[in-house]
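Starting from these lines, generate the structure:
(one chain, ligands or ions: 2)
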Amino acid sequence: MLTVETRHAVHQDHAKTMGTDELRRHFLADDMFRPGEIRLIYTHYDRFVMGAAVPAGQPLTLDKVEETRTATFLERREMGVVNIGETGSVSTGDNRYEMQRGDVLYLGMGSGPVTFDGAGRFYIVSCPAHRACPSRLVRLSDSKQVKLGAIETSNKRTINQFIHPLVMESCQLVLGYTTLEDGSVWNTMPAHVHDRRMEAYLYFNLPENGRIVHLMGEPQETRHLFIGNEEGALSPPWSIHSGAGTCGYTFIWAMAGDNIDYTDMDFVQPNELR
Ligand SMILES: O=C[C@H](O)[C@@H](O)CC(=O)C(=O)O
Ligand SMILES: [Zn+2]
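Ligands and ions are numbered 1, 2, ... in the order given. Have a look, this model is predicted:
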């Protein structure tokens, strides 16, 4: 079963007038992981799609998606898949990729229908592509790791870069996940914006009652979302995307837009935020 929800892009002047429910409706990405279903959120931020497939033992195939009006979803798109569950497989044509927890799969434009199987919980992201880059399974040991932060500022963490120019080729998509050291709670602090690219976060590895206080909005006009396990946040190009947890967590970050230089960020120091 495939369900697709459309999210239109929001202007920053509109976002600052929103109350809690409206903010959550536009920017919280929830209810993506349902056993036996593929659920996608089609956004108008760089036409970035995020979602999940949870085959729960029965194969699920992602093929035609009405929103793109193409014969198959990946006809003019590339895709990233991260398995945050138990071992499962992802297949396209004659290729079958066995995915352990934490593995990342890149599928190039024109890969055709994608079948998810096994005990995986597959997080899916996709954006338009202009050429076919080779598909590739990237394991944690193939990723590039960047250590950031310190215990004193509660933000000691490792940025694991997977779909990233230093690791492999893609068109627009840049993706990885960040793990926090025990006792550190802050991600992406100091915060930043990058008007060149939108971004989406998926938070996972949280206990049931744990929550992330996710910060969004223009740096001088911030808002927050309380986010639970396996839920995410859409970050428009004008918005910061940063958060602190009441518990340990991991999060997947993925971006699409004009430029794939990960380091192209405009930093905002804590004392500049409002
Ligand atoms: O543009 C890059 C993204 O916001 C994230 O990669 C930031 C992040 O993982 C972190 O600082 O913890
Ligand atoms: Zn960012």
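
Could you use CA atoms for every contact and neighbour count after this?
Fine.

Contact partners for the closest residue to M265 other than its chain neighbours?
Excluding the flanking residues, the one nearest M265 by Cα to Cα, 6 or more residues apart in numbering is H194, at 5.2 Å. Contacts for H194 were tallied using Cα atoms under 8 Å, 6 or more residues apart in numbering; they are P237, W238, D264, M265, D266.

Now rank these by neighbours and give me the top one.
Among those, P237 has the most neighbours (other Cα atoms under 10 Å), with 22 neighbours.

That one contacts R196, correct?
Yes. Using Cα atoms under 8 Å, P237 is in contact with R196, at 6.7 Å.

Would you check how far apart the residue nearest to M265 and A15 are?
Look at H194 and A15: by Cα to Cα, to the nearest Å, they are 17 Å apart.

packing partners for the lengthiest helix in the chain?
The single longest helix within the chain, with elements called by DSSP state H, is helix 20-27. When contacts are defined as 3 or more Cα pairs under 8 Å, 6 or more residues apart in numbering; DSSP states H and E, helix 20-27 sits against strand 221-227, strand 231-235.

For L60, find the nearest of these.
For L60, the closest of those is strand 231-235, at 20.9 Å, according to Cα to Cα.

returning to that earlier point: and the next element down the chain from the longest helix of the chain?
strand 28-29 (DSSP states H and E).

May I have the distance across stretch 220-240, first residue to last?
With Cα to Cα as the measure, stretch 220-240 spans 10 Å from end to end.

quick one: it near ligand 1?
No. With Cα under 6 Å from any ligand atom as the criterion, ligand 1 is not reached by stretch 220-240; the gap is at least 8.2 Å.

ok, L40 - contacts?
By Cα under 8 Å, 6+ apart, the contact set of L40 is L2, T3, V4, E5, M32, V49, M50, G51, A52.

of the residues you listed, closest to ligand 1?
M50 (15.8 Å; Cα to the nearest ligand atom).

From G80, how far off is the nearest residue to D261 once chain neighbours are set aside?
Spatially, and ignoring its direct neighbours in sequence, D261 is nearest to P165 (7.6 Å; Cα to Cα, 6+ apart). Computed as Cα to Cα, the P165 to G80 distance reads 14 Å.

neighbour-wise, which of the two wins?
G80 (27 against 15).

Among the contacts of H194, which pair sits farthest apart?
Maximum pairwise distance among the contacts of H194 (Cα to Cα): 14.2 Å, between W238 and D264.

OK, now which residue of the chain is nearest to ligand 1?
T188 (3.3 Å).

Do I have it right that that residue meets S242?
Yes. Using Cα under 8 Å, T188 makes contact with S242 at a distance of 4.9 Å.

E86 contacts D103, correct?
No. Between E86 and D103 there is no contact under Cα under 8 Å: 10.6 Å.

Looking at those two, which one has more neighbours?
D103 (20 against 14).

residues touching the more buried one, list them.
Neighbour list for D103: V82, N83, L137, V138, R139, L140 [criterion: Cα under 8 Å, 6+ apart].

so what's the third one closest to, chain neighbours aside?
With Cα to Cα, 6+ apart as the measure, L105 is the residue that lies nearest to L137, at 4.4 Å, once sequence neighbours are left out.
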